[in-house]
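In: predicted model follows, preceded by the sequence.
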Amino acid sequence: MYEIMVNRKFSAAHNLREYHGQCENLHGHNWKVEIIVRIKDLDQTGLALDFKFLKKSADEILKGLDHQYLNELPYFQDLNPTSENIAKFIFNRLTNEFNDEKIKVARVSIWESEDSCASYFEE
Ligand SMILES: [Zn+2]
């Protein structure tokens, strides 16, 4: 089994509904997105998955989040835009695009600061 990982970034605002604390106020993050994909076999070149395909797809997804007020996006209308829910949102989008018998999106981690991260994966 091989694993490849790419890191991407986006900036956005959110507020956490019913948090009952500072995060209920509108604020922003420079989020770091860490994506890990598992691949069974290498291709003829010796590559598991060309990084550029993963980066391109990730960037397409993140384009919809970058410089947005996340609470106003349809997906987060009733769902709090926490790092956990953002991780799942990106995971599901990538899974739809990449998963097959050889490739599996393994984990999406969302860093909302240098020392705080939430991940989503499926067993
Ligand atoms: Zn926040």
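Out: Structure received.
In: in the helix or strand where K56 lies, which residues are buried?
Out: Using DSSP states H and E, K56 falls within helix 51-63. Residues of helix 51-63 classed as buried by neighbour count (16 or more other Cβ atoms under 10 Å): L54, S57, A58, I61, L62. Placement of C-beta: from N, CA and C, glycine included.
In: not counting sequence-adjacent ones, nearest residue to the fourth one?
Out: So that's I61. Excluding the flanking residues, the one nearest I61 by Cβ to Cβ, 6 or more residues apart in numbering is R93, at 4.9 Å.
In: is it correct that the one you found falls within a helix?
Out: Yes. Checked against DSSP: H, G, I helix; E, B strand; the rest coil, R93 lies within a helix.
In: and it, how many neighbours?
Out: For R93, the neighbour count with other Cβ atoms under 10 Å is 19.
In: that one contacts K63, correct?
Out: No. With contact defined as Cβ atoms under 8 Å, R93 does not reach K63; the gap is 11.6 Å.
In: now do the strands in this protein.
Out: 2-14, 27-39, 103-113, 116-120 (DSSP state E).
In: out of these, which one sits most buried?
Out: With neighbours taken as mean count of other Cβ atoms under 10 Å, these reach their highest mean count in strand 103-113, at a mean of 19.
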